[in-house]
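>>> below: sequence and its predicted model.
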Amino acid sequence: MVLEATMIAIDSSEFMRNGDFLNTRYDAQITAMEFVFQNKLNANPENTVGLLSYGGNGPQVLSTLTTDFGKILSGAHGTKISGESHFSSGLQVAALALKHRQNKVQNQRIIAFVGSPVRESDKELEKLAKKMKKNNVAVDIVNFGEESANTAKLEKFHAAVNNHDNSHLVTVSPGPRLLYEVIASSPILVEDGFDVGDAGDFMGMGGVDANMDPDLAWLCAYRWRRRNKDKNARSSNRRRKRAT
């Protein structure tokens, strides 16, 4: 089993209010983030995960590296959507947090959700990628919402940061599959040995092991059912509009 410390970087810029992903880009991102967190802990109980946002006025660490899902949830749901994307500085803060991990045996990884235009130039991104690669930090990117603006830039960044296939770029367009479902079958998680067939059951329990924390599992399952209800309602509305 791979032993990893992972910082998840979420986009909290104004673009995340967009409703092209259920219910908004931000909501879709948070569900996917919760899914990734639990997957990392299930892959190896000695893995740790931290969380930061990089919208607003700049990056903000929401949770240092931890195995406590409650800390991650608290950080995520206390975040305010505002400002612009600070992608480069966000990744640098994430790398700094990884540098201070307690277990130096852990591999270092950043998983960045990018749902707003990347403002950095190709040259700036290449410099950042080389720095990450030099410091042995793998970077996975979930590119969604602004694919037309970002894909070419992020492909160049991925090419520069990738070291023996340790980093991945997953581009997701709006569609019937939820963001977390696409990530579940992508190299970001498949390499951890995750069976994508388990994704539905996993999220049906809210992404939490009910044996470990039944109260938190119930709360997350409730939230998940509400999201599915909203998804079904939106699908029904679209079908009615097409029929009229």
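Cool, got the structure.
>>> which residues does the nearest residue to residue 161 once chain neighbours are set aside contact?
The spatially closest residue to residue 161, leaving aside those adjacent along the chain, is residue 129, at 3.8 Å (Cβ to Cβ, 6 or more residues apart in numbering). Placement of C-beta: from N, CA and C, glycine included. Residue 129 sits next to 139, 157-158, 160-161 when contact means Cβ atoms under 8 Å, 6 or more residues apart in numbering.
>>> ok, now with 6 Å
Residues near residue 129 by Cβ atoms under 6 Å, 6 or more residues apart in numbering: 157, 160-161.
>>> what helix or strand is it located in?
For residue 129, the enclosing helix or strand under DSSP states H and E is helix 122-134.
>>> next, the buried residues of that helix.
125-126, 128-129, 131-133 (16 or more other Cβ atoms under 10 Å).
>>> same check on stretch 150-163?
150, 153-154, 157-158, 160-162.
>>> next: stretch 35-50.
35-43, 47-50.
>>> what about that stretch, distance to the chain center?
Computed by Cα atoms, centre = their mean, to the nearest Å, the chain-centroid distance of stretch 35-50 equals 13 Å.
>>> go on, stretch 127-138?
The answer for stretch 127-138 is 19 Å, by Cα atoms, centre = their mean.
>>> which helix or strand in this structure has the lowest average pLDDT?
helix 199-204 (a mean of 50; mean pLDDT, DSSP states H and E).
>>> quick check: closest non-adjacent residue to the residue positioned nearest the centre of the chain.
Taking Cα atoms, centre = their mean, the centroid of the chain lies closest to residue 33, which sits 4.3 Å from it. Using Cβ to Cβ, 6+ apart and skipping residues adjacent in sequence, the residue nearest residue 33 is residue 8, 5.4 Å away.
>>> I'd like to know how many residues surround that neighbour.
Counted with other Cβ atoms under 10 Å, residues neighbouring residue 8 total 29.
>>> got phi/psi on it?
Residue 8 has phi and psi values of phi -100, psi 120 when expressed as degrees, to the nearest 10.
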